[in-house]
Every structure is written in C-alpha cells, then in structure tokens.
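1. Show me how the following folds:
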Amino acid sequence: MREPIGSVWATGQQPSRTQRRGRYLPESMKHPGKMLPAIAAKVISTYTRPGELVIDPMCGIGTTLVEAIHHGRHAAGIEYEPQWAKLAAENVAHARWNGAPGTAQVVIGDSRNASRLLPGLAGMAALMLTSPPYGSYTHGHIRSTRDTGEPGIRKWNHH
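-> Below you'll find the predicted structure:
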C-alpha cells in the first residue's frame, strides 16, 4: 500500500456537476447522496494498482466503479435500490463506451449478502470504497434564492 503525501487531499475544488460532466449520465445528479468523483479517483489511484479489484458495497450511481475502470482497475458494486443499480450499470457502460479500460459489474441486493451476490470475489479486492448509507433520512437537494432566483428555499429528494 502506498502512503498518501500530506494529510489533506484537494479533491473538492470543482462542484459535483462539473466533475461528472461528460463522464457520467446527466440523470446521475438526481441521486441525493453522491461521492465526488475526485475523491474516489484519488483514493483508487493512491491505494490500488492497474488490474486490481475495487468493490463498493453501496454503489449508488456507480461513482467508485466508474472511477476505478477509468483508472484501469476492475470493479464490482452492490446497490440495494434497483433504479440506482440500473443507473450505475448505465454509467459503467458509458465509461466503457468512452474508453475506460477496466471492467465492472453491478448487482442488486443487500450488501450484507456480499459473498452470495459477488461469488468468487471473496478475498480478491485490493480496496473497498463506499459512501455511507443514507437510510430513510437524507440531506436531499437544497437550492436557495441565490441559486434559483425564486424566493425561499426549495428542497427535494429528502424525508
């Protein structure tokens, strides 16, 4: 394992929308909790080598998978919600179409059953990278007057 240089990684200098433009399908912005691609890319490039396996047990729209295959790694993801698993698979296909050299698979299910959902991969991962589960309470999306030009605050994708 390679040690990172410094204690802070500059990965959030661009907004999520900018980091995803062209690399992810536009509907990816609908997911309420997204890992920044720059964070995933930095972790993957620091802690793995080309050809190694990266697993995301709560893959959402597939950010970890997409960044892994763009870096020549292989990836596997588990997503509990079918609509996000479908979008993760579509983002992986989009990445492959755009030249990502790695491979990835997405399965639908509960990550507590990872060994059954990803048979043959036990003990094979060089890295497990995920964003925490959000459960039934999420921060959702918020836009203020400054962002929308409309009075007040608008919220969606939240409980």
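2. Not counting sequence-adjacent ones, nearest residue to the residue nearest to the spatial centre of the chain?
-> By C-alpha atoms, centre = their mean, the chain has its centre lying nearest to residue 63, at 2.2 Å. Nearest in space to residue 63, with sequence neighbours left out and distances taken as C-beta to C-beta, 6 or more residues apart in numbering, is residue 35 at 4.6 Å. Just so you know, the C-beta spots here come from the backbone N, C-alpha and C atoms, and that holds for glycine as well.
3. tally of neighbours for that neighbour?
-> 23 (other C-beta atoms under 10 Å).
4. So in this structure, where's the weakest helix or strand by average pLDDT?
-> Ranked by mean pLDDT, DSSP states H and E, the weakest helix or strand in the chain is strand 141-143, scoring a mean of 66.
5. mind listing what's buried in the longest helix belonging to the chain?
-> If you go by DSSP state H, the chain has its longest helix at helix 82-97. Residues 84-85, 87-92, 94-96 are the ones in helix 82-97 that count as buried (16 or more other C-beta atoms under 10 Å).
6. same thing with stretch 19-29?
-> Buried residues in stretch 19-29, counting neighbours by 16+ other C-beta under 10 Å, are found at 19-20, 23-25, 28.
7. re the thing from before, which residues does the longest helix of the chain contact?
-> 23-25, 27-28, 31, 59-63, 65-66, 69-70, 75, 77, 79, 103-104, 106-108 (C-beta atoms under 8 Å, 6 or more residues apart in numbering).
8. could you dump it to PDB, C-alpha only?
-> Coordinates of the C-alpha atoms in helix 82-97 are reproduced here as PDB (Å, rounded to 0.1, in the frame of the first residue of the first chain):
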ATOM      1  CA  PRO A  82     -33.000  -1.100  -8.400                       C
ATOM      2  CA  GLN A  83     -33.300   2.300 -10.000                       C
ATOM      3  CA  TRP A  84     -29.800   3.400  -8.800                       C
ATOM      4  CA  ALA A  85     -28.300   0.000  -9.700                       C
ATOM      5  CA  LYS A  86     -29.600   0.400 -13.200                       C
ATOM      6  CA  LEU A  87     -28.100   3.900 -13.400                       C
ATOM      7  CA  ALA A  88     -24.800   2.600 -12.000                       C
ATOM      8  CA  ALA A  89     -24.700   0.000 -14.700                       C
ATOM      9  CA  GLU A  90     -25.500   2.600 -17.400                       C
ATOM     10  CA  ASN A  91     -22.700   4.900 -16.000                       C
ATOM     11  CA  VAL A  92     -20.300   1.900 -16.300                       C
ATOM     12  CA  ALA A  93     -21.400   1.300 -19.900                       C
ATOM     13  CA  HIS A  94     -21.000   5.000 -20.600                       C
ATOM     14  CA  ALA A  95     -17.500   4.900 -19.200                       C
ATOM     15  CA  ARG A  96     -16.600   1.800 -21.200                       C
ATOM     16  CA  TRP A  97     -18.000   3.400 -24.400                       C
END
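9. Having no further points to raise, I will conclude here.
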